[in-house]
Structure formats: C-alpha cells, structure tokens
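In: Show me the folded form of this:
(chains A and B)
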Protein chains: 2
Amino acid sequence: MKLHFATSNINKLRELSTLLEQKLISVPLDLQEIQTTDLHELLKFKLQQAYEKLHAPVIVEDTSLYFNAWNKLPGPLIKWFLEGMGLEGLVKALSPFEDKSAHAVCCLALTDDGKNIHFFEGKIKGLIVEPRGSRKFGWDAIFQATGKQETFSEMSIKEKNHISPRGIAAAKFKQFLRLRAERK
Amino acid sequence: MKLHFATSNINKLRELSTLLEQKLISVPLDLQEIQTTDLHELLKFKLQQAYEKLHAPVIVEDTSLYFNAWNKLPGPLIKWFLEGMGLEGLVKALSPFEDKSAHAVCCLALTDDGKNIHFFEGKIKGLIVEPRGSRKFGWDAIFQATGKQETFSEMSIKEKNHISPRGIAAAKFKQFLRLRAERK
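Out: You can find the predicted model right below:
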C-alpha cells in the first residue's frame, strides 16, 4: 500500500520513514491546525483536510509535550512556544515551578477512506532540563526520559527511536499494517 | 442593520453591545479557531465559518495579549494559557524574565457578504502584574495599562472601556457604521 504522509517537516518525514521501514510519499500540504489541547481532535481535523485534497490513504502526525506544572500546556501548542520563547525561554518560564516533570505524546492518525480513522499513540514520561545536545529537532534537547541520563538530543537515533513517543507510535502502526497485510 | 455577533462568551457580548450602543444578535456558533499568532488570519478563518452558517452580516472578535519577553506569545493563544496555568501561573512563568511589558490587541472583523472583510483594531501597552481585582474577565486582573495605577479589573467599566483595546476597536467600528449610515 502506498502511504502518503502529510507533513512539511522534513525531520519528521525522515524519522517516520526509518521507523516504519517504508518509503512514504511526502505531501507538504498546507494544513490548518485548530486551537485545541486535544490531540485526537487536532489530528482528525488535519486528516480530513489532507484526505479531501488527496483522496488516498494518508497519515498525519502530531506530537505534544505537556509540563505537568502547566496542566495541558504546551501540549500540541509546543511549536508556538518554541517559536516564541525558544528552548532557553521555555526552561526559564518553567524555572519558578517546583515540578519539572513532563510527558510527551505522539499520535499517528491514518485514514484509508476519509471516514474511519485509526490512531496509534506513544507516550513517555520525563523531566524538562537545561538544553543539552543538538538543537535541530524541536524540544529533544530539553527532554530527559525517566530513568535516562541523556536528553533525546544526546542519544543515538537508534536509542531514541526505541523509547521515543514517535518510535512507540510507529511500532504500533507497523504492527497494524503487518496484521492487515496478513489478513488479505 | 441587524448585526450578528458570533461568540459564545457572554461577557464579550455584553461588553460589545454596551460599547456599540446597539443590540447585537448573539449567535453562539461553535467556530473552529486555527493555531496562529496572526490575529487577522485567525479572524478571517472564524468569519468565513460564521458567514457560511448565517449568510448575514456578522462580526467576530478576538483579543490577544503579548508578553514582550515572549515574542508572539501568548498572543491569540492566551485563553489556553489561562486554562492551563491560570492567572497566578502566567505571572509566575513570566517572573524570571526582567521585561514585564506587554501589549494587548483587540480586533473586530465584519463581513456583509462573506467576501469583503473590514477590520477594526485597538491596541494598548502595559505591564503584567500580580492579579488584582475581579478574576471574572480573562486577564483583566493582571494587566495594568501604561500610565495607570489600576489593573483593568480594578477600573470602573466606563474607565476601562475608554482605554481598553476592545473599547478602541468598538469606537472605530461605531464610527464606520455611522459614516456608512450617513452615506445611504
């Protein structure tokens, strides 16, 4: 099955292709994202727009980072926080709060027909720390997973993909595709 | 002219009716708001949805609060910040930043035909302070306009409406309606 991935983020495209061990057809659609802290609602809205344009099986993805001291924030709005404050600003804004715990969620959503949607989710807990490692990929430099000494940025790609929310979500998705292929 | 105001916020409805000295027809539509820090883009998207449902002259409104230390944040995303952190949390998150200056922008957008859009904007500068006064209306309790000693919450409604971004935007809108009525 040919799979379209609606994203304009080249890093996400590469990472997901690797994780799925499958070539994805990149469709850099200009999709509107609605204001919400509900990841499924956000993905549903993106997926519907993507399907209306493609009329072919398509996946969309979104990743949320939640600071437990801030309730549902930044959540899916993390990219605006990064754009506005940068990594240092984010860590600084959290500094007066005792609780530095966070959790990250990645969700992949697939539709074949524009109606039924399958969600594949990966979650991980961790701490927000001063930036360490490469700054290239979102908030990887400030997230240290529970039980680990390195930030996501400091890990090898293999190590990161093994525990990252996107890695977990992709593993679930891969299994779904395999089971479906077997059934046919 | 009968004017519809697409909002589900009863406080905004009351305030705008008072400011315009005109009864507005409240239409509590469930409008999607897109993720953006561009107020005009946000309003355009809301207005198009509202017009598609009503096919009648309609106004939408949005107010943004920008902390200068945070660039374009919270901006139009302020309601999510309030929901996530509350007033105290917002002030706390800003506390490590030396610059406490902020500006608030209110924008009203009107369409008669679903195509042409008129924008009416009000802006004000000020400081973010510890909450003082009633907590009922958004971020009024933590915004102290430049040159004033009171937060918006501590002011009389008359005094607030005279200088508030919504007051200024509404005054521009009122003048537009008056001029248009005279021309007819």
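In: Following the helix or strand of chain A with the lowest mean pLDDT in sequence, what is the next regular element?
Out: Scoring the helices and strands of chain A by mean pLDDT, DSSP states H and E places helix A:10-20 at the bottom, with a mean of 86. Counting by DSSP states H and E, the next helix or strand C-terminal to helix A:10-20 is strand A:25-26.
In: The least confident helix or strand of chain A packs against which elements?
Out: Here helix A:10-20 touches helix A:157-163, helix A:165-183, going by 3 or more Cβ pairs under 8 Å, 6 or more residues apart in numbering or on different chains; DSSP states H and E. In this view, the C-beta of every residue, glycine as well, is placed from N, C-alpha and C.
In: Output those in a markdown table; the columns should cover mean neighbour count and mean pLDDT.
Out: Putting these into a markdown table (neighbours: other Cβ atoms under 10 Å in any protein chain shown; pLDDT from 0 to 100) gives the following:
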| stretch | mean neighbour count | mean pLDDT |
| --- | --- | --- |
| helix A:157-163 | 15 | 92 |
| helix A:165-183 | 16 | 92 |
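In: Which of these sits closest to A:E98?
Out: Shortest distance between A:E98 and the helices and strands packed on helix A:10-20, using Cβ to Cβ, is found for helix A:165-183: 24.7 Å.
In: For that closest one, give me every contacting residue.
Out: With Cβ atoms under 8 Å, 6 or more residues apart in numbering or on different chains as the test, helix A:165-183 has contacts from A:1, A:12, A:15-16, A:19-21, A:59, A:61, A:63, A:104-108, A:110, A:118, A:120-124, A:160-161.
In: Would you list the buried entries among the residues you listed?
Out: A:12, A:15-16, A:19-20, A:59, A:61, A:63, A:104-108, A:110, A:120-122, A:124, A:160-161 (16 or more other Cβ atoms under 10 Å in any protein chain shown).
In: just the angle between the least confident helix or strand of chain A and helix A:165-183, please?
Out: Relative orientation of helix A:10-20 and helix A:165-183, computed by axes from the mean of the first three to the mean of the last three Cα atoms, to 10 degrees: 50 degrees.
In: And the residue nearest to A:G84 when sequence neighbours are not counted, how far from A:W70?
Out: Spatially, and ignoring its direct neighbours in sequence, A:G84 is nearest to B:L73 (3.6 Å; Cβ to Cβ, 6 or more residues apart in numbering or on different chains). Using Cβ to Cβ, to the nearest Å, one gets 13 Å for the distance from B:L73 to A:W70.
In: Ok, A:L77 next?
Out: 11 Å.
In: So the two - more neighbours on which side?
Out: A:L77 (25 against 22; other Cβ atoms under 10 Å in any protein chain shown).
In: Could you report the pLDDT at that one?
Out: Listed pLDDT for A:L77 reads 91.
In: Identify the residues contacting it.
Out: A:35, A:37, B:35, B:77, B:80.
In: Give me the residue at the spatial middle of chain A.
Out: When chain A is reduced to its mean C-alpha position, the nearest residue by Cα atoms, centre = their mean turns out to be A:T63, at 2.8 Å.
In: and chain A, which residues reach chain B?
Out: A:32-35, A:37, A:45, A:69-73, A:75-77, A:80-81, A:83-85, A:89, A:92-97 (Cβ under 8 Å from any Cβ of the partner chain).
In: Among those, name the ones in helices.
Out: Members of the residues of chain A next to chain B lying in helices (criterion: DSSP state H): A:45, A:80-81, A:83-85, A:89, A:92-94.
In: For those, pick the one with the most neighbours.
Out: A:A93 (28 neighbours).
In: So A:E61 sits against A:L110, correct?
Out: No. With contact defined as Cβ atoms under 8 Å, A:E61 does not reach A:L110; the gap is 10.0 Å.
In: contact partners of the least confident helix or strand of chain A?
Out: Under the criterion Cβ under 8 Å, 6+ apart, residues A:5, A:7, A:23-24, A:26, A:61, A:108, A:136-138, A:157, A:161, A:166-167, A:170-171, A:173-174, A:177 lie in contact with helix A:10-20.
In: Any idea how far that helix is from the middle of the chain?
Out: Its chain's C-alpha centre and that of helix A:10-20 lie 11 Å apart, by Cα atoms, centre = their mean, to the nearest Å.
In: Report the contact partners of A:Q49.
Out: Here A:Q49 is in contact with A:29, A:31-32 (Cβ under 8 Å, 6+ apart).
In: Same question for A:L87.
Out: The contact partners of A:L87, taken as Cβ under 8 Å, 6+ apart, are A:131, A:135, A:139, A:141-142.
In: ok, now how distant is it from chain B?
Out: Between A:L87 and chain B the distance is 13 Å, computed by Cβ to the nearest Cβ, to the nearest Å.
In: Assumed that residue was part of a strand.
Out: No. A:L87: not assigned to a strand; according to DSSP: H, G, I helix; E, B strand; the rest coil it is helix.
In: what's the neighbour count on A:A69?
Out: As a measure of burial, A:A69 has 20 neighbours, counting by other Cβ under 10 Å.
In: wouldn't it be in contact with A:A93 here?
Out: No. Checked against Cβ under 8 Å, the pair A:A69 and A:A93 is beyond contact range at 10.2 Å.
In: just to revisit the earlier point, only whichever of the contacts of A:L87 are buried, select them in ChimeraX.
Out: Buried subset of those, written as a ChimeraX selection, criterion 16+ other Cβ under 10 Å:
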select /A:131,139,141,142
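In: The contacts of A:L87 into CSV, with extra columns for secondary structure and pLDDT?
Out: CSV is the format used below for the contacts of A:L87 (DSSP: H, G, I helix; E, B strand; the rest coil; pLDDT from 0 to 100):
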residue, secondary structure, pLDDT
A:P131, coil, 97
A:R135, coil, 90
A:W139, coil, 95
A:A141, helix, 97
A:I142, helix, 98
